[in-house]
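Student: pasted the sequence and its predicted model underneath.
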Number of protein chains: 2
Amino acid sequence: TVEHEAGLAARAWAWVLACVAAAWGKVDAFARKVWKIGADDPRKVVHGLKVGLSLALVSVFYYTRPLYDGVGGAAMWAIMTVVVVFEYTVGGGVYKSFNRAVATASAGVLALGVHWVASKSGEFEPYILTGSLFLLAAAATFSRFIPTVKARFDYGVTIFILTYSLVAVSGYRVDQLATLAQQRVSTIAIGIFMCLAVSAFICPVWAGQELHLLTTRNMDKLASSLEACVEDYFAQATTATTTKSTKSDGYKCVLNSKASEDAQANLARWEPAHGRFGFRHPYGQYCKIGAAMRACAYCVEALSTCAGAEAQAPEHVKGLLRGACARVAARCARVLREASRSVGAMKTFGRALDFAVAEMNTAVHELQGDMRSLPPYMLAVKMAEEASLMDAMAVFTVASLLVEVSARVEGVV
Amino acid sequence: TVEHEAGLAARAWAWVLACVAAAWGKVDAFARKVWKIGADDPRKVVHGLKVGLSLALVSVFYYTRPLYDGVGGAAMWAIMTVVVVFEYTVGGGVYKSFNRAVATASAGVLALGVHWVASKSGEFEPYILTGSLFLLAAAATFSRFIPTVKARFDYGVTIFILTYSLVAVSGYRVDQLATLAQQRVSTIAIGIFMCLAVSAFICPVWAGQELHLLTTRNMDKLASSLEACVEDYFAQATTATTTKSTKSDGYKCVLNSKASEDAQANLARWEPAHGRFGFRHPYGQYCKIGAAMRACAYCVEALSTCAGAEAQAPEHVKGLLRGACARVAARCARVLREASRSVGAMKTFGRALDFAVAEMNTAVHELQGDMRSLPPYMLAVKMAEEASLMDAMAVFTVASLLVEVSARVEGVV
């Protein structure tokens, strides 16, 4: 039985080892993933360090200056402000700071007023306080469903309810409300100041710039995926390979970019002037460009479906239109790149862009002519070429829209 | 000059009146808008009342039971919890409650441990505390960029940093940390309990149900907008009206539904079993259906561009394909409606759906046949019909996907 036990122990040991190895493998894979996130965008790591830094600053501030005594009072509010207000982009930080400051101040004043009225009314005091709390909280919560409020003051409404209820409830017990309010405002101000200083002066991440980069990057992606799709379509016919080039998937990023664009444009409105971005930079234009690009991406999507379809046209038919199609795609892509360059530099290269658009139109007309002159027996296999024409037409409308938009961008910057 | 002054006063008075009238007009328009939001979805008003109710409950709880004394301590945390945790859907509330509870507890324990170590180390205490705060805050903030953490524990990480820093900093001064922690945990528990009770028992809004309704509603919209687009295309040719039916815009809701679907699916995972939704209801399937519907909507978008295009085919050409196209569109729409019904009832009407799909395929084949037999001189004007064929093919793949999905939904429910 000693051998048996030894065998058991060995097996148990082996099992433990296997478990540890498996766990280690998982941890290792996870660590790799995390490392990759950090390596891809070091600003994310920097952001983490910035949050740590501003927290440490605030806490040092309170260690070295024992101005206030007790826990609940002062230091807490500064720390809470830093944790809650610090955002990845400067615009996000300003948005939250502004909302927090204004909401705290207005709710505090309102609560003090109601409290004063309630204290005059004698025995009804708790009823008045609780009733007003109920009504205000209900109204404020409902107001969050109004789109404008939702987009700009969502956080402020939360803070408004919070401050009002804290003051209203605490007011029942404490009489030094004014001192309390003054303390709280000063600590929140310190927290906000720390946050904004750290986020704006140490490797700032501007929402406006992010939006700008996102837009130009998406435009370039769209251009190369348009080219790649048409290429794929014709390449497949000649070499019969099934591997799609990865480039042609670029349009997928464009398809679902609406949410992040809207969010960034919203935050960017809060940012002060920085670099080449003025105070009233027309961030709304980016959203319009984004919508136009999405319309374009839908067409590219339809086109790439054709490229991936099973039923393909015979090669000699494709050969007839290959040149014209490739030309249209290349020129569409060029218009997009030109527009991206013009948005990127925040200037209108009016002539270059106009020239590119004109060339694209010529190519489209050529393609249309080619299609009309095709012999009739190729009727049933024309789908893809016509899809590409459709696409080209959509790109054309988008491009002319872009010309306008970039002109406007120049007008305002 | 008296007359002159009188004239001035009258003008000033008129100006004031005009201003008031203009302001009143704006307020009135705004009030109408707000009223419409409430009237369209009374649950939003109910949600506001619920928040007010639970806040009032908590404050009454603290008025009637003067268990704790002082401001900063107890009541504050319960109120703060209610304000911050209460969300529109039950899933959102559970998500935040869980995150808040777990994060507070774990951060509290960790902070107490670090605090104990620091207090043993004598004069290095502030350095250890501030250093650990810096490191933990940086690491936790960075972890929010990891997609899994972002989706499920974003709020928890914030609370973790907050609690840790509060305990670490306050710990420098107060020695009754254990009592404080116990108080705080009990108040947070009371707040969470109030929230969940009110949000789950009074007119609950389930994220899962919302998602379910959104999916079926989108499917129906897609079906009717597909029909309407094809109708528009042919109607325009015969009557030459430029008014598009509003129905055909239904696909636009589908195009940008990704963000809200993902968010709701994320929240729905936190919900307990309710009604016909089990605990591990396959919410991921809804996202897949949503993606398939979006792919479908892209095609409808291309189709509706054709319907709105200036260059239209001559009427006699359209007449040749009108019947076949309308049949395809009608049957596609029927497949979508059938799928929507089957998802809505959470059952597979396998036979009805299969039948509808088979009918659609027949219609597609007929259309293909019609197109092949068309005389050759109509070559250049075929675009729209072929787009509709493409669309039908995409719908077909989506429909077969839906058959599978609804089968799986049944399998799991």
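Tutor: Received the coordinates, thanks.
Student: where's the residue of the stretch 201-350 of chain A found nearest chain B, which helix or strand?
Tutor: As assessed by C-beta to the nearest C-beta, chain B sits closest to A:A259 within the stretch 201-350 of chain A, at 3.9 Å. For glycine as for every other residue, the C-beta is placed from the backbone atoms N, C-alpha and C. Element membership of A:A259, judged by DSSP states H and E, is helix A:258-268.
Student: neighbours around the closest residue to A:D220 other than its chain neighbours, how many?
Tutor: Closest residue in space to A:D220, ignoring its immediate chain neighbours: A:S340 at 5.3 Å, by C-beta to C-beta, 6 or more residues apart in numbering or on different chains. For A:S340, the neighbour count with other C-beta atoms under 10 Å in any protein chain shown is 23.
Student: and for the one 3 residues further on?
Tutor: Counted by other C-beta under 10 Å, the residues lying close to A:V343 total 22.
Student: so it touches A:L214, yeah?
Tutor: No. If you go by C-beta atoms under 8 Å, A:V343 and A:L214 don't touch, sitting 11.0 Å apart.
Student: quick one: A:A10 and A:V16, what's the gap?
Tutor: 11 Å (C-beta to C-beta, to the nearest Å).
Student: could I get the average pLDDT for the strand or helix carrying A:F142?
Tutor: When elements are assigned from DSSP H and E, A:F142 belongs to helix A:125-143. Helix A:125-143 comes out with an average pLDDT of 81.
Student: report whether that helix contacts chain B.
Tutor: Yes. Against chain B, helix A:125-143 shows contacts by C-beta under 8 Å from any C-beta of the partner chain at A:126, A:129-131, A:133-143.
Student: hmm, who's touching that helix?
Tutor: A:110, A:114-115, A:117-119, A:121, A:149, A:157, A:160-161, A:164-165, A:168-169, A:171-172, B:34, B:38, B:44-45, B:47-49, B:51-53, B:55-56, B:59-60, B:63, B:83, B:86 (C-beta atoms under 8 Å, 6 or more residues apart in numbering or on different chains).
Student: against B:A23, how distant is A:V149?
Tutor: 19 Å.
Student: more crowded one of those two?
Tutor: Of the pair A:V149 and B:A23, A:V149 is the one with more neighbours under other C-beta under 10 Å, namely 16 against 10.
Student: I'd guessed that one sits against A:V157; true?
Tutor: Yes. Contact criterion C-beta under 8 Å: A:V149 and A:V157 qualify, at 6.8 Å.
Student: for A:R144, what are its contacts?
Tutor: A:K150, A:D154, A:V157.
Student: the one helix or strand the last one maps to: which residues count as buried?
Tutor: Taking DSSP H and E as the definition, A:V157 sits inside helix A:147-170. When neighbours are counted by 16 or more other C-beta atoms under 10 Å in any protein chain shown, the buried residues of helix A:147-170 are found to be A:149, A:153, A:155-170.
Student: so which bits of the helix or strand just after that helix are buried?
Tutor: Downstream of helix A:147-170, the first helix or strand assigned by DSSP H and E is helix A:177-201. Buried residues in helix A:177-201, counted by 16+ other C-beta under 10 Å: A:177, A:180-181, A:183-184, A:187-192, A:194-196, A:198-200.
Student: A:T362: which of the contacts of A:R144 is nearest?
Tutor: Nearest to A:T362 among these is A:K150, at 47.0 Å by C-beta to C-beta.
Student: local confidence estimate at the closest one?
Tutor: pLDDT, A:K150: 77.
Student: contacts only, for it.
Tutor: A:R144.
Student: please list the residues of the stretch 101-250 of chain A that sit near chain B.
Tutor: Counting by C-beta under 8 Å from any C-beta, the stretch 101-250 of chain A sits next to chain B at A:126, A:129-131, A:133-143, A:145-146, A:158, A:161-162, A:165-166, A:168-170, A:172-174, A:180.
Student: which residue is the nearest non-sequential neighbour of A:I202?
Tutor: A:K50 (5.7 Å).
Student: count of neighbours near the one you found?
Tutor: Neighbours of A:K50 using other C-beta under 10 Å come to 24.
Student: next, the buried residues of the helix holding A:A259.
Tutor: A:K258, A:E261, A:D262, A:A263, A:Q264, A:A265, A:N266, A:L267, A:A268.
Student: A:L226 is in contact with A:A329, correct?
Tutor: Yes. Assessed by C-beta under 8 Å, A:A329 is found in contact with A:L226 at 5.7 Å.
Student: and those two? Which one has more around it.
Tutor: Higher neighbour count among A:A329 and A:L226: A:L226, with 30 against 27, using other C-beta under 10 Å.
Student: hang on, that one packs against A:V300?
Tutor: Yes. Between A:L226 and A:V300 there is a contact at 5.5 Å, judged by C-beta under 8 Å.
Student: show me the shaky parts of the stretch 201-350 of chain A.
Tutor: For the stretch 201-350 of chain A, the stretches with pLDDT under 70 are A:233-250, A:275-282, A:299, A:301-322, A:324, A:346-350.
Student: do that again at 50, thanks
Tutor: A:239-243 (pLDDT under 50).
Student: what residues sit buried inside the longest helix anywhere in chain A?
Tutor: As assigned by DSSP state H, the longest helix anywhere in chain A is helix A:2-40. Neighbour counts over helix A:2-40 (16+ other C-beta under 10 Å) mark A:I37, A:G38 as buried.
Student: next, the angle helix A:177-201 makes with the helix or strand following that helix.
Tutor: The first helix or strand that comes after helix A:2-40 along the chain, using DSSP H and E, is helix A:42-64. For helix A:42-64 against helix A:177-201, the angle by axes from the mean of the first three to the mean of the last three C-alpha atoms, to 10 degrees is 140 degrees.
Student: pull out the buried positions in helix A:42-64.
Tutor: A:44-59, A:62-63.
Student: over to stretch A:339-346?
Tutor: Result for stretch A:339-346 [16+ other C-beta under 10 Å]: buried residues A:A339, A:S340, A:R341, A:S342, A:V343, A:G344.
Student: again with stretch A:207-225
Tutor: A:207-212, A:214-216, A:218-225.
Student: just to revisit the earlier point, helices or strands next to the helix holding A:A259 in the packing?
Tutor: If you count contacts as 3 or more C-beta pairs under 8 Å, 6 or more residues apart in numbering or on different chains; DSSP states H and E, helix A:258-268 packs onto helix A:90-120, helix A:207-239, helix A:283-308, helix B:258-268.
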